[in-house]
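> Output the structure for:
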Amino acid sequence: MQAQERIKICKQTRIKAAQAMADVLKMDKPISEVDFCNQLNEKLSSNPEIWDQGWYSPPPKGLSALFAPEVDPKRVAYDNLRKEEFWPRKENIFTDNSIGYIYASPINKLSGIIGDFGMTIYKGSNAKIIEHIKSCLDLTEKTAEYAQVGMEFREIYDYCQKLMKEKGLNNERMITYTDKVGTNIGHTVPWSYKDPNLEEKQTLEGNSFEKVRELISTQRVHLNSKERFKIPPTIAFTIEPRAENSFLPGLPMSSFHTILTFSEGKKEILGNFNPIFQAVKMDFIKSKF
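The predicted structure is shown next:
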């Protein structure tokens, strides 16, 4: 399988995740974190091309939903979804005036390529929250637009930090256990830019989901302040700052998990947020991608 084909698989897998989320939210009725994840898992696992659970696990099934009232948005301000305190709960409901974060980490069975998708959703009319969410989406889109073949990951990280400072935002809560540097704003999609070696190929072609999940987790290169990895002509990587307002701590953390791809130098930004905006009736915002 060529790298360009893996890029297509990444895109297709992500689209499936976004559409499944939109389908769950289109019902337009109160839903708990647990019920959202169960319904999302049912839709994703019905696709024979995708593993029946995601690679980022825990949380259970590699899925997440964090719902909170807009007046007390602390629950969506997670540092790491692997912590049990941020696993889906039945008592947390997404309804009018709610803020939420939803996430899925699907894996293509044939290639081991991931198509992660995550985003902030909001069902309210608070003007400050709306402007904050719009600012966070703009931050991510501008960072993705900045990235080019040949750039080092640390350059993209530094550019994103510069934008955040200008916007009065910070990414300090983002913690990744596999990134020893500290905070980061994303990571590579493994095997989107190089072939798996023989041992990795055997794992990906095997029947052990746990081995595949663990392999994906350890093969990522993170976008952080020190990473000198240079963007090759063909690759996919995530851009996913989790932004908080540095001066208004009452505003929710907001994030739009984006995937940026290059295929033989041709760039594409995978947003796929608009179907969810429409499903939640977030008429105040629209993604460029």
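> Longest helix in the protein, please.
Looking across the chain with DSSP state H, the single longest helix is helix 3-25.
> Tell me the first helix or strand C-terminal of that one.
Along the chain past helix 3-25, the next helix or strand (assigned with DSSP states H and E) turns out to be strand 31-32.
> Could you identify the helix or strand that succeeds that next one?
With DSSP H and E, the next secondary element past strand 31-32 is helix 33-45.
> what mean pLDDT does that following helix have?
For helix 33-45, mean pLDDT is 97.
> Not counting it itself, show me its contacts.
16-17, 20-21, 23-24, 31, 50-54, 59-61, 63-67, 88-90, 92, 94, 102, 104, 106 (CB atoms under 8 Å, 6 or more residues apart in numbering). Glycine gets a C-beta too; all of them are placed from N, C-alpha and C.
> List buried residues within the residues you listed.
Among these, those buried by neighbour count (16 or more other CB atoms under 10 Å) are 16-17, 20-21, 24, 31, 50-54, 59-61, 63-67, 88, 92, 94, 102, 104, 106.
> Only the buried residues of stretch 237-251, if you could.
Buried positions in stretch 237-251, judged by neighbour count with 16+ other CB under 10 Å: 237, 238, 239, 240, 241, 242, 243, 244, 245, 251.
> OK, contacts around the residue lying closest to the fourth one once chain neighbours are set aside?
It stands for residue 240. In this structure, residue 240 finds its nearest non-sequential neighbour in residue 257, 4.3 Å apart by CB to CB, 6 or more residues apart in numbering. The contact partners of residue 257, taken as CB under 8 Å, 6+ apart, are 103, 116, 117, 118, 119, 238, 240.
> Let me see the ranges of the helices in this structure.
When assigned using DSSP H, the helices of the chain occupy the ranges 3-25, 33-45, 127-146, 153-167, 198-205, 209-218, 274-280.
> elements contacting the third one?
Of the remaining helices and strands, those touching helix 127-146 by 3 or more CB pairs under 8 Å, 6 or more residues apart in numbering; DSSP states H and E are strand 117-123, helix 153-167, strand 169-170, strand 235-239, strand 242-245, strand 254-263, strand 266-270.
> make it 7 Å
Packing partners of helix 127-146 (3 or more CB pairs under 7 Å, 6 or more residues apart in numbering; DSSP states H and E): strand 117-123, helix 153-167, strand 235-239, strand 242-245, strand 254-263.
> What of the fifth one?
Contact here means 3+ CB pairs under 7 Å, 6+ apart; on that basis helix 198-205 packs against helix 209-218.
> could you redo the last one with a cut-off of 6 Å?
Applying 3 or more CB pairs under 6 Å, 6 or more residues apart in numbering; DSSP states H and E, we find helix 198-205 packed against no helix or strand.
> what about stretch 188-201, start to end distance?
18 Å (CA to CA, to the nearest Å).
> Could you give me the buried positions within it?
Neighbour counts over stretch 188-201 (16+ other CB under 10 Å) mark 188, 189, 190, 191, 192, 193, 196, 200 as buried.
> What separation do you get for the last one and residue 218?
As judged by CB to CB, to the nearest Å, residue 200 and residue 218 stand 10 Å apart.
> can you list the weak-confidence ranges in the stretch 151-289 of the chain?
174-182 (pLDDT under 70).
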